[in-house]
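> Provided below for reference: sequence and predicted model.
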Amino acid sequence: MSAGKLYTTATQGQGQRIRAVAAFGGVQLDTVEGFESNVTNKSADYLAKFPLGKYPALETPSGLNLSETMAIARYVASLAKNSLLLGSTPEEEAQVDQWVSFGDTELFANGRIIAGLLSGNVPYNKVIDNFYRERNTRAIKHLESHLATRTYLVCERITLADISVAQVLRSQFSWYFAPSERAAYPNTVRFFETIANQPAIKPVWGDIVYAEKGAQYVPPAKPKKEAAPAAAAAPKPKPAKKEAEADDEEEEPLVPEEPKAKNPLDDLPKSNFNLEQWKREYSNRDTRGAGGSLEWFYQNFDKEGFSLWKCKFKYNEELTLTFMSSNQIGGFFNRLEASRKYLFGSMGVLGEANNSIIAGCFICRGLEYKPVIDVAPDWESYDFEPINLENEADKAYFEASLAWDLEIDGKKWADGKNFK
């Protein structure tokens with residue numbers, strides 16, 4: 001007996017996931033023929049069953065109607081009694097749910113935003129593009145590390161988690177990852193190919209298709225200028241137009257340019273600590289010692305108008321080569337550009353390849369870091385902790401960050417960058 005009717009298109013990845021789960025679990029599932037996106041799911045009959053008009057959607061013989069991919073896949077997997085697709089213990093069941101969610105929120109969601117930016121469906125923004133690429137890379141690295149000692153994600157057999165994550169990889173491998181990028185994740189590729197080539201799943205997904213080059217933004221071509229018409233007889237000179245008349249011929253913008261919003265940081269009480277002067281002192285003096293930039297800082301710092309913060313990267317286990325980590329700091333600093341007049345930073349990579357951390361400090365206008373730092377989309381990837389100069393440990397950390405000789409848990413400063 002059929003478990004129900006599945007509404008989806010032939011190429012929709014989420015629908016292919018559900019069909020693969022049914023095929024692998026031996027669950028009969030009927031696919032509705034002739035389903036058209038934005039036609040079938042906009043009909044009154046469809047909306048009566050699935051009010052949001054979303055698909056894939058499942059209509060069951062019992063009258064149960066489901067319209068979320070994760071819920072449908074889980075329901076279909078639960079009908080496959082002999083395959084234990086949902087795990088055999090409460091611990092395995094929880095891990096299955098964890099990895100299904102990981103695939104949807106850490107891979108699929110990032111890829112969807114990147115695809116929207118590159119296709120023009122969303123206005124392109126390089127900062128946003130880089131932010132979601134970095135998040136996607138972080139997720140793939142986590143997956144690669146997890147699969148280094150495992151064939152499957154949860155246990156020694158295929159579960160719903162494996163099929164779900166492999167379906168998302170199937171999509172990204174087909175358009176996003178260049179061959180050189182895939183080569184960096186051999187465990188993930190091996191895992192994907194193992195799932196995609198299962199005898200029950202391959203007829204649903206078809207042959208594996210890999211992208212020949214990575215996905216990059218290509219600006220739209222500028223329209224070609226029409227050839228100038230043949231020169232006509234020279235007109236008689238006309239008297240010069242009045243300035244007002246000339247202005248009338250200028251094209252006005254379709255949308256008036258809005259005045260730039262004033263930054264609330266500009267409304268803070270005036271401070272006698274000149275941040276720009278500090279940046280010059282830091283650049284032109286030795287950091288430590290008599291006459292050094294630290295001496296100038298302590299003589300001029302205004303703790304009512306500025307605050308000091310430790311900054312540490314949250315995901316140090318993902319760091320590999322130190323020069324790549326240093327480049328990551330540079331990228332973070334680039335995304336802080338809008339706060340340059342309110343901020344000074346000194347960040348470094350401590351340790352060695354495959355055993356390093358990112359740490360340092362910031363001097364921020366105002367008494368909170370968030371209004372200054374949150375201009376960078378990836379600011380939440382870092383932990384911030386206030387520095388109290390009356391605390392000797394905090395003071396030593398601050399000075400070492402500026403002098404580039406900070407050491408944490410035996411990891412010594414290897415490379416660094418300043419935001420100034």
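Yep, that arrived.
> the residue sitting nearest the centre point of the chain sits in which helix or strand?
The residue lying closest to the centre of the chain (C-alpha atoms, centre = their mean) is Tyr132, at 2.1 Å. Following DSSP states H and E, the helix or strand that holds Tyr132 is helix 126-146.
> strands of this structure, residue ranges please.
5-7, 30-31, 57-59, 65-66, 306-313, 343-352, 355-365, 382-386, 407-408, 411-419 (DSSP state E).
> one step back: which ones are touching the residue nearest to the centre of the chain?
Going by C-beta atoms under 8 Å, 6 or more residues apart in numbering, Tyr132 touches 110, 113-114, 117. C-beta coordinates here come from the backbone N, C-alpha and C atoms, glycine included.
> one more time with 10 Å
Contacts for Tyr132 (C-beta atoms under 10 Å, 6 or more residues apart in numbering) come out as 109-117, 377-378.
> mean neighbour count and distance to Ala166 for the strands of the chain - can I get that in JSON lines?
Below are these laid out as JSON lines (neighbours: other C-beta atoms under 10 Å; distance: least, C-beta to C-beta, whole Å):
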{"stretch": "strand 5-7", "mean neighbour count": "20", "distance to Ala166": "19"}
{"stretch": "strand 30-31", "mean neighbour count": "14", "distance to Ala166": "20"}
{"stretch": "strand 57-59", "mean neighbour count": "24", "distance to Ala166": "21"}
{"stretch": "strand 65-66", "mean neighbour count": "18", "distance to Ala166": "22"}
{"stretch": "strand 306-313", "mean neighbour count": "20", "distance to Ala166": "30"}
{"stretch": "strand 343-352", "mean neighbour count": "23", "distance to Ala166": "34"}
{"stretch": "strand 355-365", "mean neighbour count": "23", "distance to Ala166": "31"}
{"stretch": "strand 382-386", "mean neighbour count": "16", "distance to Ala166": "32"}
{"stretch": "strand 407-408", "mean neighbour count": "12", "distance to Ala166": "39"}
{"stretch": "strand 411-419", "mean neighbour count": "18", "distance to Ala166": "37"}
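> so what does Leu86 look like in phi/psi?
phi -100, psi 0 (degrees, to the nearest 10).
> next, count neighbours for it.
Close neighbours of Leu86, defined as other C-beta atoms under 10 Å, add up to 19.
> Leu107 now?
Other residues within reach of Leu107, judged by other C-beta under 10 Å, total 22.
> before we move on, what about Ser283?
By other C-beta under 10 Å, 10 other residues sit near Ser283.
> residues in contact with the nearest residue to it once chain neighbours are set aside?
Distances taken as C-beta to C-beta, 6 or more residues apart in numbering put Lys420 closest to Ser283, at 7.0 Å, once the chain neighbours are dropped. Taking C-beta under 10 Å, 6+ apart, we find Lys420 in contact with 275-276, 278-280, 282-283, 333, 340, 343-346, 363.
> now the strands of the chain as a markdown table including mean pLDDT and distance to Pro220?
Formatted as a markdown table, those follow (pLDDT from 0 to 100; distance: least, C-beta to C-beta, whole Å):
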| stretch | mean pLDDT | distance to Pro220 |
| --- | --- | --- |
| strand 5-7 | 95 | 35 |
| strand 30-31 | 94 | 37 |
| strand 57-59 | 96 | 35 |
| strand 65-66 | 95 | 40 |
| strand 306-313 | 96 | 36 |
| strand 343-352 | 96 | 35 |
| strand 355-365 | 96 | 37 |
| strand 382-386 | 96 | 35 |
| strand 407-408 | 96 | 47 |
| strand 411-419 | 94 | 34 |
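> which one of those lies closest to Val218?
Val218 lies closest to strand 411-419 among these, at 30.5 Å (C-beta to C-beta).
> report the strands that pair with the closest one, each with its relative direction.
Here strand 411-419 is paired, per DSSP bridges, with strand 343-352 (antiparallel), strand 407-408 (antiparallel).
> send over that strand as PDB, restricted to the C-alpha atoms.
Provided in PDB are the C-alpha atoms of strand 411-419 (Å, rounded to 0.1, in the frame of the first residue of the first chain):
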ATOM      1  CA  LYS A 411      51.000  28.900  21.900                       C
ATOM      2  CA  LYS A 412      53.200  31.800  20.900                       C
ATOM      3  CA  TRP A 413      52.400  34.700  18.500                       C
ATOM      4  CA  ALA A 414      53.100  33.500  14.900                       C
ATOM      5  CA  ASP A 415      51.600  36.300  12.800                       C
ATOM      6  CA  GLY A 416      49.400  39.300  13.200                       C
ATOM      7  CA  LYS A 417      47.500  42.200  11.800                       C
ATOM      8  CA  ASN A 418      46.400  45.600  12.900                       C
ATOM      9  CA  PHE A 419      43.200  47.400  12.300                       C
END
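> that older thread, want to try TSV for the strands paired with strand 411-419, with distance to Val372 as columns?
Shown next, in TSV, are the strands paired with strand 411-419 (distance: least, C-beta to C-beta, whole Å):
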stretch	distance to Val372
strand 343-352	5
strand 407-408	24
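> can you tell me which of those strands is nearest to Ala44?
Ala44 lies closest to strand 343-352 among the strands paired with strand 411-419, at 55.7 Å (C-beta to C-beta).
> run the chain-centre distance for the closest one.
Centre-to-centre, strand 343-352 and its host chain are 22 Å apart (C-alpha atoms, centre = their mean, to the nearest Å).
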